[in-house]
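A.B. asks: The following block contains a protein sequence and its predicted model.
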Amino acid sequence: MTRQKRSRHRLKRTVAPYLYLSPSLVIIGLLMLLPMVTVISYSFQNSAVLRRDPSFAGLKHYQAIFADPVFWASLWHTLYFTCMSVVFHMTIGMIFALMLNSDRINPTLRNILRVLYILPWLFTAVIIAVIWRLLLEPNGVVNSILMQLGLIGSKIEWFSSPETALHAVTFANIWAGYPLFMVSLLAGLQGIPKDFYEAADIDGAKAYQKLIFITIPQLMPIIISISLLDFIWTMQVFPLIWITTGGGPIYSTEVLSTYTYKLAFSSYNLSQASASAVVILLISLGLTLFYIRYQKAR
Amino acid sequence: MTFRIKPAMLKMAAAAWLLGATSAMADTTLEFAQWWEPELPAGSLRKIMDEFEAANPGIKVTLVSGPYAATRDQISVGAATGTLSDVVGLDGAWVNNLNAQNALADMNPMMDASKFDKAQVADIIKVDGKAVMFPVASFVYPVFVNLDLAAQAGVTKLPSTRAEFLEAAKKMTHADKNQYGWVLPLSLQSPSGVQNDMMSWVWASGQSMMADGKPALEGKPVVDMLTFVKSLNDAGTISPGIATKTEQEKVEEFVNDRVGMMIDSLAHVNLIRKRNPKLNFDLIPVPVVEGYTGKRGLPYASWGIGISAGSKHQEEAWKLVQYLMSEKVNAKLVSLANAFPGNVNAKPDFVTSDKAFGKAFEIFKTGYLANEFTGLPVAEDLMTQFDVEAQKMLAGEQSPEQAAANAQKGWTAKF
C-alpha cells in the first residue's frame, strides 16, 4: 500500500464516525442549539421579534427583570413549589412502593392498589388542573366534606385566596407526580437481594432499622437520580398553574414559567421574556450539570 | 411499439398550458387570516368567500384559520417577520401593537379612492389618524337576569341604576344555598373580566377611563366603579372564587341557577339555552349611576378586519373588506355568528325571530358601542395590571382609591 493510500485510509477512518454522527448532530443543532441560541440573542436585543431591525440592548433586560419584585416573588414561589413537590413525591412514592412490595398485603388487594396508585400518572396536566379546580372550588367536594366533619367553619377559597393558593396548587402537583417515584422505587425494591433482610433478621434487626440501614441505602442512587430529574421538570411546570390560578390571586402563585409567559404573550415584551427564559435555562443547566456529574461519579 | 406525438396534439397541449398559465397569472390569491371560521357553522365562511370570488373574477381567497389565541400569536409573528396575510382578522386590543410595527395599512386612501360611504359602518378604529380596523361583527355585553331567582327574591323591577342593582343582588343572595346575586370573573389567566365586568359599569354611564388619550383611573368614574364593586363584595353578593374565576365558569354558574345576574356576551345566549333549556332569563342594559339619563355605552368585543401594510394586493384586499362590510353580506355573516352588524344598515335575521336577541338589538340601537381598550397599547397587560389591583382591593389590602392610583401608575408607564 502506498503512503498516499495509507493516509487516505487513515483520513477515512477518522472522518467515518463523524459522518455516522452527523444526522444526530444536525438534528440536535436545529432542534436544540438553534432555538436556545436564538432566545439568548433575543435577550440582548431591544424589541426582539417585534421589530425587523432590533438594536443591541446589552444587559438592560436582565437588569429590568432583576429589579422587578414580581420576578423575585416568582423565583421564591418556584423554589417552594419545586422543593415541596419533590420532597412529598419522594415520601409518598416511597410509602406506596413499600406498601406494594410488602408480602403482608393480600396479592389481590396489592394489584388493585397498584392500579389505583398509578392513576394520577395517566391524566394530562390539563385534566389534573380541571379535577382539582372542581374539587377545591368554594362549593366543591373538599369544602363540603371538611365542613361536614367540622374541620372548617366556613368555605375556603383554596385557589382564590392568597393565603392558600400556593399550597393548593403545590398539593395538586404532588398528587399528580408521586407515581414516578413510586414506580421507580418499586423497581429498585424488587432488585434488593432478600439475603440482606434475612441476615438482618438473624441479627435481630427491627423493621425501621432494616429500612434505614438496608432499604434506603440500596435505593439511594435511584432516589438521587429521580429527585434531580423531578426537580428539573417541576421547576418548569406551566399548564397546571396556568389553568388552576393563572399565577394569581394577586401574584401569590406566580412562578418563573407563568411570569415569562405573561411577559411574552400579555405584555409582548419578548426581549424581557427571553431574559427570564435564559435565567430558567441557567438554573436548569446548573441542576443538569450536577445530575451529569453524579451519574459520572457512579 | 413506437409512440409518435402528432403536431396537432402538441399544439393543443401547448394551448391548454398557455390558457392555464395565463388564467393562473390573472388570478390574485388573497390570504385571509382569522379565528372566525372555527367559530362559525362549518363551511359558512368558505361559502361567503366563494360568493366573493364569483362576484370578483380573478381574485381567490385562501382562508388561514385557527383558534383565537393561535391566530393572535401568528399575526404578531407575521407582523414582525413581514409575512402577515393580506387581510387579517383583528381584535381591537391588538391594533396598537400592530400599528407600532407598521404592519397595518391605512384604509383612509382606499376609502377615498373608492368613494366608500363611511356613514354605513358602525365604527372605524383609528390609531395615529390611520384607519386600521373596521368592526365586522360585534358581540355586546348586556346584563343577563335569572327571572325565577329574581321573582323568588321579590325583585319585581329589574335594576336600572347601580343602587337598584346592589339591592337586587342582596335580595338574590342566599349563601347557605350557594346562591349569589352577581358573579365577577377576575382570573389572571384571561383578564378580560376587567373590560367586560368592571369597566362596562363606567362606559354604561357615558363615562370614561381615559382623558385626552391618557389613562385617568384616579378620576371619579373609575374610583366610583371600584367603590361600587367593593360594596357588592362587602355585602357578600358576589359568588366566591373571584380571583380565579374564568368567563366559562361565570356562564356555568348562571346556567346552574347559582347566580342571579351576570354581564355576559350575547354570543352565549344559545349556549345558555342549550345547557339549561328551562332557564328563564331576560336581558337588560348595564345599570347606570343615579341620575344619568344619557345614551348608554354598551361594552362589546368585536371581530375586526384590517389590511396588511406589506400586502402586494391591497386593492384586491380592500375589495374583500368592502364586500364583508356591505349591507347584505354583513347581515348574513353576523346572522351566522349571532353578532351585531358592523354595517349600520344591516339587520341580522335573528333579531326578528328571537325575542332575547330582539331585546338586545333594541338595547344596541338605543346605546352606543363602547370599549376603550380597543387601540390601547398592550391592552391585555393593562387589564392584568388593573386586575391585580382590583384583587388586592377585594382582598382588603387596599382601598378603591389606592387600587386606582396603583393601576394608574402601572398604566402610565405603558403609554
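C.D. replies: Done, it's in.
A.B. asks: How many neighbouring residues does residue 83 have?
C.D. replies: No chain in the question, so chain A it is. Look at A:Cys83: counted by other C-beta atoms under 10 Å in any protein chain shown, it has 13 neighbours. In this view, the C-beta of every residue, glycine as well, is placed from N, C-alpha and C.
A.B. asks: nope, chain B please
C.D. replies: 12.
A.B. asks: Equivalent analysis for A:Lys296, please.
C.D. replies: Residues near A:Lys296, counting by other C-beta under 10 Å: 7.
A.B. asks: Could you look up the SS state of it?
C.D. replies: helix (DSSP: H, G, I helix; E, B strand; the rest coil).
A.B. asks: so how far is chain B from it?
C.D. replies: 41 Å (C-beta to the nearest C-beta, to the nearest Å).
A.B. asks: With A:Gln272 instead?
C.D. replies: Distance from A:Gln272 to chain B, by C-beta to the nearest C-beta: 12 Å.
A.B. asks: now do A:Ala16
C.D. replies: Taken as C-beta to the nearest C-beta, the span from A:Ala16 to chain B is 40 Å.
A.B. asks: Got the phi and psi for the nearest residue to B:Gln179 once chain neighbours are set aside?
C.D. replies: The shortest distance from B:Gln179 to any non-neighbouring residue, by C-beta to C-beta, 6 or more residues apart in numbering or on different chains, is to B:Arg258 (6.0 Å). Main-chain torsions, B:Arg258, degrees, to the nearest 10: phi -100, psi -10.
A.B. asks: what about B:Arg258, neighbour count?
C.D. replies: Using other C-beta under 10 Å: B:Arg258 sits among 17 other residues.
A.B. asks: measure stretch B:260-268 end to end?
C.D. replies: 16 Å (C-alpha to C-alpha, to the nearest Å).
A.B. asks: Next to chain B, which bits of the stretch 101-250 of chain A? Give me the list.
C.D. replies: A:133, A:137-139, A:155, A:157, A:159-162, A:165, A:242-250 (C-beta under 8 Å from any C-beta of the partner chain).
A.B. asks: Return the residues of the stretch 101-250 of chain B in contact with chain A.
C.D. replies: B:101, B:178, B:186-190, B:240-245.
A.B. asks: Give me the buried positions along the top helix by length along chain A.
C.D. replies: In chain A, assigned by DSSP state H, the helix with the most residues is helix A:69-101. By 16 or more other C-beta atoms under 10 Å in any protein chain shown, the buried positions in helix A:69-101 come out as A:70-71, A:73-75, A:77-78, A:81-82, A:84-86, A:88-90, A:92-94, A:96-97, A:99-101.
A.B. asks: Also stretch B:74-88?
C.D. replies: Neighbour-count burial for stretch B:74-88 flags B:Gln74, B:Ile75, B:Ser76, B:Gly78, B:Ala79, B:Ala80, B:Leu84, B:Ser85, B:Asp86, B:Val87, B:Val88 (criterion: 16+ other C-beta under 10 Å).
A.B. asks: give me the subset of those touching chain A.
C.D. replies: Residues of the buried residues of stretch B:74-88 in contact with chain A (C-beta under 8 Å from any C-beta): B:Ser76, B:Ala79, B:Ala80.
A.B. asks: List the contacts of the closest residue to the first one other than its chain neighbours.
C.D. replies: On the basis of C-beta to C-beta, 6+ apart, the spatially nearest residue to B:Ser76 that is not a chain neighbour turns out to be A:Tyr268, at 6.9 Å. Under the criterion of C-beta atoms under 8 Å, 6 or more residues apart in numbering or on different chains, the contact list for A:Tyr268 reads A:Leu50, B:Ser76, B:Asn97, B:Val378, B:Asp381.
A.B. asks: wait, which of these is closest to A:Phe181?
C.D. replies: Closest approach between these and A:Phe181, by C-beta to C-beta: B:Asp381, at 39.0 Å.
A.B. asks: Apart from its chain neighbours, what residue comes closest to that closest one?
C.D. replies: A:Ser267 (4.3 Å).
A.B. asks: do the same with B:Glu315
C.D. replies: B:Met110 (8.0 Å).
A.B. asks: so can I have TSV of the contacts of A:Tyr268 showing pLDDT?
C.D. replies: Formatted as TSV, the contacts of A:Tyr268 follow (pLDDT from 0 to 100):
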residue	pLDDT
A:Leu50	74
B:Ser76	80
B:Asn97	82
B:Val378	83
B:Asp381	91
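A.B. asks: out of these, which are buried?
C.D. replies: Judged by 16+ other C-beta under 10 Å, buried ones among the contacts of A:Tyr268: A:Leu50, B:Ser76, B:Asn97, B:Val378, B:Asp381.
A.B. asks: In chain B, mark out all the strands, start to finish.
C.D. replies: Counting by DSSP state E, chain B has strands at residues B:28-34, B:59-65, B:87-90, B:125-127, B:130-140, B:143-146, B:180-182, B:210-211, B:214-215, B:259-263, B:281-284, B:297-307, B:340-341, B:368-370.
A.B. asks: May I see the ones you listed organised as a markdown table, with mean pLDDT added?
C.D. replies: Listed next are these as a markdown table, based on pLDDT from 0 to 100:
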| stretch | mean pLDDT |
| --- | --- |
| strand B:28-34 | 94 |
| strand B:59-65 | 95 |
| strand B:87-90 | 96 |
| strand B:125-127 | 89 |
| strand B:130-140 | 93 |
| strand B:143-146 | 96 |
| strand B:180-182 | 97 |
| strand B:210-211 | 94 |
| strand B:214-215 | 94 |
| strand B:259-263 | 97 |
| strand B:281-284 | 93 |
| strand B:297-307 | 91 |
| strand B:340-341 | 89 |
| strand B:368-370 | 87 |
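A.B. asks: May I see the domains of chain B written out as residue ranges?
C.D. replies: Per automatic domain parsing, the structural domains of chain B span B:11-138+B:301-364, B:143-284+B:376-412.
A.B. asks: so who does whichever residue of the stretch 1-150 of chain A sits closest to chain B touch?
C.D. replies: Closest contact between the stretch 1-150 of chain A and chain B, by C-beta to the nearest C-beta, is at A:Pro138 (4.0 Å). By C-beta under 8 Å, 6+ apart, A:Pro138 lies in contact with A:Lys155, A:Ile156, A:Glu157, A:Trp158, A:Ser160, B:Pro240, B:Gly241.
A.B. asks: Residue of the stretch 1-150 of chain B closest to chain A, please.
C.D. replies: B:Ala80 (5.0 Å).
A.B. asks: follow-up on the earlier one: buried by neighbour count, from the residues of the stretch 101-250 of chain A next to chain B: which ones?
C.D. replies: Buried subset of these (neighbour count, 16+ other C-beta under 10 Å): A:133, A:137-138, A:155, A:157, A:159-162, A:165, A:242-250.
A.B. asks: Show me those that map onto strands.
C.D. replies: Per DSSP E, the subset of those in strands is empty.
A.B. asks: Show only the entries of those residues found in helices.
C.D. replies: Per DSSP H, these map to helices at A:Arg133, A:Ala165, A:Trp242, A:Ile243, A:Thr244.
A.B. asks: for the residue minimising distance to the centre of chain B, which residues make a bridge with it?
C.D. replies: Chain B has B:Ala301 as the residue nearest its centroid, 1.7 Å off, counting by C-alpha atoms, centre = their mean. Beta-bridge pairing of B:Ala301 under DSSP bridges involves B:Phe139.
A.B. asks: hang on, it packs against B:Asp91?
C.D. replies: Yes: here B:Ala301 reaches B:Asp91: they are 7.5 Å apart, a contact under C-beta atoms under 8 Å.
A.B. asks: Tell me the buried residues in stretch A:216-228?
C.D. replies: Within stretch A:216-228, the residues that count as buried by 16+ other C-beta under 10 Å are A:Gln218, A:Leu219, A:Ile222, A:Ile223, A:Ile226, A:Ser227, A:Leu228.
A.B. asks: Secondary structure, pLDDT and distance to B:Leu324 for those residues - can I get that in TSV?
C.D. replies: Output for these, formatted as TSV (DSSP: H, G, I helix; E, B strand; the rest coil; pLDDT from 0 to 100; distance: C-beta to C-beta, whole Å):
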residue	secondary structure	pLDDT	distance to B:Leu324
A:Gln218	helix	94	71
A:Leu219	helix	93	66
A:Ile222	helix	92	62
A:Ile223	helix	93	63
A:Ile226	helix	93	57
A:Ser227	helix	93	58
A:Leu228	helix	90	56
